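# sequence? don't have it. structure:
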């Protein structure tokens, strides 16, 4: 459900064509949603190697993590970067994913209904009450 960051010097490549295949578990459909059909056709049909700069340019990557001496390992950097999206009350993180997915994949009327229903499950729930009590709304 998202894009991934990667270190400089790395590449992403859809090698399915060289194997006489196409993605079989939704990779092509998801790629089209992320980068558009024209770019997906180039990536899949040409088995192009996507370096970090191209990945950023076409929306396949969100950020490039630099590997410096004295800096955390690439894995630690990726975990630190991801933590801003994954830390917090689990029900809220799940709800965010659900409403974004609904907004992306459902007709607007259904996405709006889903958002309203999900909001209702969080209003007055422990995470909401704790945030209200600590006045952390704008932190």
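The structure has been received and is ready for your questions. Note that this is a predicted model, so its numbers are computed, not measured. Residues are numbered from 1 along each chain as shown.
# which residue sits closest to residue 127, ignoring its sequence neighbours?
residue 89 (3.7 Å; C-beta to C-beta, 6 or more residues apart in numbering). Any C-beta I mention is one placed from the backbone N, CA and C, and that applies to glycine too.
# So that neighbour sits against residue 95, correct?
No. The criterion here is C-beta atoms under 8 Å, and residue 89 misses it with residue 95 at 9.2 Å.
# Which of those two has more residues huddled nearby?
residue 95 (19 against 15; other C-beta atoms under 10 Å).
# check which helix or strand covers the more buried one.
helix 90-105 (DSSP states H and E).
# likewise residue 83?
Judged by DSSP H and E, residue 83 forms part of helix 74-86.
# who does that helix touch, helix- and strand-wise?
With contacts taken as 3 or more C-beta pairs under 8 Å, 6 or more residues apart in numbering; DSSP states H and E, helix 74-86 sits against strand 64-65.
# Next, the contact list for residue 16, please.
If you count contacts by C-beta atoms under 8 Å, 6 or more residues apart in numbering, residue 16 has them with 22-23, 44, 47.
# what is the mean pLDDT for the helix holding residue 95?
Averaging pLDDT along helix 90-105 gives 95.
# Who are the packing partners of the following helix or strand past that helix?
As assigned by DSSP H and E, the chain's next helix or strand after helix 90-105 is helix 108-122. Judged by 3+ C-beta pairs under 8 Å, 6+ apart, helix 108-122 is in contact with helix 90-105.
# Residues touching the helix it packs on, excluding its own?
Where contact means C-beta under 8 Å, 6+ apart, the residues beyond helix 90-105 that reach it are 1, 33, 85-86, 110-111, 114-115, 118-119, 121-122, 125, 127.
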